[in-house]
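Q: This is the structure alone, sequence omitted:
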């Protein structure tokens, strides 16, 4: 009798525990248990896994596209104009700044402020040459396209493709730390852009996009983690990313289920997803994210 | 007539500029073919040999997709490709969200427009229909 009672109790406990895990993994996004990936584990990250992560990080062009969709006017105030490429002495500074300016270039291109991008292009050229990846950026062609606004598609392609090639080359050249820095720089600047705009244009779609960055933040931290103990600069950057993660801790992302709906159109297929994600983020949480992003980004560009 | 010549010159110059820079002309032409309303985001160059077990798509990659965004997945094949490039997209629970290959009819769609309503990390799977040998490129763009 007693044996049967304990057996039943064990089944109930197991079922309850598994239901709880299932609910968490299917209906709500949570940071993985290991908030900071142990260095030993992170070092074991395969080159393939790192390549996966670097492709995961969304393009700053997507944020700029959203801003255009919301009719947010262009503002040069968001750009990291104070950066002087000549003052970047270490490879760390050069790679991080290359990322920051890459995001600014995407913003300028999307708003077709291509004439203004010449200064940024010159800085990108110096920085890329500084870490011996200048060969992947056809500056003359990009400059020519920038001055000819009608070739925006080509310009977007060439700019993004150049950064992709630089990223791949650095990883293959066993300089993955510079690739990681470039990607982190791009993300921080795009995040800064979104969080600055939301202060003036508190649109729900933009707020959601900021909240949704929680999904890839862990990947960014994972990308940086093999290098956190490399030097003082990297160590400080890893702490900065953890600080941003802390600001996101209470942001909740939940999901509702649904089946996709498809229809044929003009020889192609159009599919609308009916599953949805919803961000639950208070104004205080958003303010915290805006503040920490601003402080870290401004610190990075001032240090540079 | 002048307008036509100007337009042609523009197209040719644009094409030369694009193919001149990209290391791979197939990628450049696929980007150009994605449509005038499509803004390039990423591309995946796929080259695979023949396989005897075509059930699981062999080329895999991850990508983050964002709610309230319309994406276009375009598939292009090299002239000498024996198979046609197909795409599957699965979400983080491994649920199939879309496929460019209709197994019932055998129809292969050259592009798919995807209206994303759930932000997250998705898994792309590329292969050539029926496990054929092939060479192609998948381009992901945003549509306004």
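A: Yes, it's here. Quick caveat: nothing in here was measured; it's all calculated off a predicted structure.

Q: Nearest residue to residue A:279 in space, please, no chain neighbours.
A: Leaving out its chain neighbours, the residue that sits closest to residue A:279 by C-beta to C-beta, 6 or more residues apart in numbering or on different chains is residue A:211, at 3.6 Å. C-beta coordinates here come from the backbone N, C-alpha and C atoms, glycine included.

Q: Identify the residues contacting that neighbour.
A: Residue A:211 makes contact with A:248, A:251, A:253, A:279, A:280, A:281, A:286, according to C-beta atoms under 8 Å, 6 or more residues apart in numbering or on different chains.

Q: could you flag which of these are buried?
A: Buried residues within those, counting neighbours by 16 or more other C-beta atoms under 10 Å in any protein chain shown: A:248, A:251, A:253, A:279, A:281, A:286.

Q: Which pair in the residues you listed has the greatest spatial separation?
A: A:253 and A:286 (13.9 Å; C-beta to C-beta).

Q: would you turn the contacts of residue A:211 into a markdown table with distance to residue B:107, secondary structure and pLDDT?
A: As requested, the contacts of residue A:211 are exported to a markdown table (distance: C-beta to C-beta, whole Å; DSSP: H, G, I helix; E, B strand; the rest coil; pLDDT from 0 to 100):
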| residue | distance to residue B:107 | secondary structure | pLDDT |
| --- | --- | --- | --- |
| A:248 | 43 | helix | 98 |
| A:251 | 42 | coil | 97 |
| A:253 | 35 | strand | 96 |
| A:279 | 37 | strand | 97 |
| A:280 | 41 | strand | 97 |
| A:281 | 42 | coil | 98 |
| A:286 | 45 | helix | 98 |
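
Q: Backbone dihedrals for the residue nearest to residue A:201 when sequence neighbours are not counted, please?
A: Leaving aside its sequence neighbours, residue A:201 sits nearest to residue A:72 (C-beta to C-beta, 6+ apart; 5.2 Å). Per-residue torsions, residue A:72: phi -80, psi 120 (degrees, to the nearest 10).

Q: From chain B, how far off is residue A:72?
A: Going from residue A:72 to chain B by C-beta to the nearest C-beta, to the nearest Å gives 15 Å.

Q: try residue A:60
A: The gap separating residue A:60 from chain B is 11 Å, by C-beta to the nearest C-beta.

Q: That residue and residue A:111, how far apart?
A: Look at residue A:60 and residue A:111: by C-beta to C-beta, to the nearest Å, they are 12 Å apart.

Q: Give me the more crowded residue out of these two.
A: Between residue A:60 and residue A:111, residue A:60 has the larger neighbour count (other C-beta atoms under 10 Å in any protein chain shown), namely 26 against 17.

Q: State whether that one and residue A:107 are indeed in contact, as I suppose.
A: Yes - using C-beta atoms under 8 Å, residue A:60 makes contact with residue A:107 at a distance of 6.4 Å.

Q: what residue ranges in chain B score low on pLDDT?
A: B:1-23 (pLDDT under 70).

Q: Appreciated, that's everything.
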